[in-house]
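build me a structure from this.
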Amino acid sequence: MPSNDRYPTLPSRMLLITFKNRLKGAQKGHSLLKKKADALLIRYRATMQDLRRAKLLMCDQVKDAYFTITKAQFILGDISLVVQESLKIPTYCLRLRIENVAGVQVPSLHPEEEKGGFPTTSGRPAVVNLAAGIGKGGEQIREAHDAFQHTLDLLVQISSLQSSWITLDLAQKVTNRRVNALEKVVIPRLQNTLSYITSELDEQEREEFFRLKMVQKKKKSLALEKEQESLRQKTASPTAIHVNPADGLNTSGAKNALLEEFEDEVDESYLVV
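Below you'll find the predicted structure:
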């Protein structure tokens, strides 16, 4: 296999165990990231549907709100200065909350109404009660207030959904990249590396077995040759008298001694002159 399809390593038992553990960890991480990607996708689609519905509703709500304030201004005239004078402190507050979705911190905004301006009896700013009882002016101001209050709630909801949608989109892209990297690059490389190490270790075992067989065969052949040589030496050498030259006798001295003994034993009467 090509060297770039596996990790550079030397085949050994220790590395085989190490890469097996790495492969198990990569497969487990891939499974967890896959579940995380599915959870993010479900929440992403739900957030996108809610955002689309809120934006469609926002179009009609803005038109209705501006229509109500136009009717109030037609009856009471310009009320902007009265509104500015009556609101001394903020009457609309937001609270940021963090929601954990599959390990992703998703922000969300939630409105918290605060009573501000002059004291009120109905939870509305004082400017709403200033025109109460003056024909239909008070009713129109209350309608305009409620319409813009609902419009503001929709704006907060849209901004919260938009920020959540962007966060989920980025987290989903990062998670999908990690899943694809594990599935297409890391896990195949680990599997190729394990296959390479296993094949090399098997080849080393075969070479070691062949080496041991050759050593045993060589030892047997040497033992057989030694045995044949010893048998050959036994059959080729006859029994003989070995004279030790350290005794001081040689072959000529032995012959002379034998001749002298033979001459002494011969009877002189048998000799004829």
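
what about this structure, any weak spots by pLDDT?
1-4, 79, 81-90, 113-138, 237-273 (pLDDT under 70).

helices or strands up against the helix ranked longest in it?
Secondary structure of the chain per DSSP state H: the longest helix is helix 13-76. Helix 13-76 is packed against strand 92-101, helix 137-181, helix 187-236, with contacts defined by 3 or more CB pairs under 8 Å, 6 or more residues apart in numbering; DSSP states H and E. Any C-beta I mention is one placed from the backbone N, CA and C, and that applies to glycine too.

out of the ones you listed, nearest to Thr9?
Ranking the helices and strands packed on helix 13-76 by their distance to Thr9 (criterion: CB to CB) puts helix 187-236 first, at 6.3 Å.

between the longest helix of the chain and helix 187-236, how many degrees?
Counting by axes from the mean of the first three to the mean of the last three CA atoms, to 10 degrees, helix 13-76 lies at 180 degrees to helix 187-236.

about what we covered before: wait, which of the helices and strands packed on helix 13-76 is closest to Gln49?
With CB to CB as the criterion, Gln49 lies closest to helix 137-181 of these, at 9.8 Å.

for the closest one, packing partners?
Using 3+ CB pairs under 8 Å, 6+ apart as the contact test, the elements touching helix 137-181 are helix 13-76, strand 92-101, strand 104-113, helix 126-130.

contacting residues for the closest residue to Val62 other than its chain neighbours?
Spatially, and ignoring its direct neighbours in sequence, Val62 is nearest to Thr151 (6.0 Å; CB to CB, 6 or more residues apart in numbering). With contact taken as CB atoms under 8 Å, 6 or more residues apart in numbering, Thr151 is in contact with 58, 61-62, 65.
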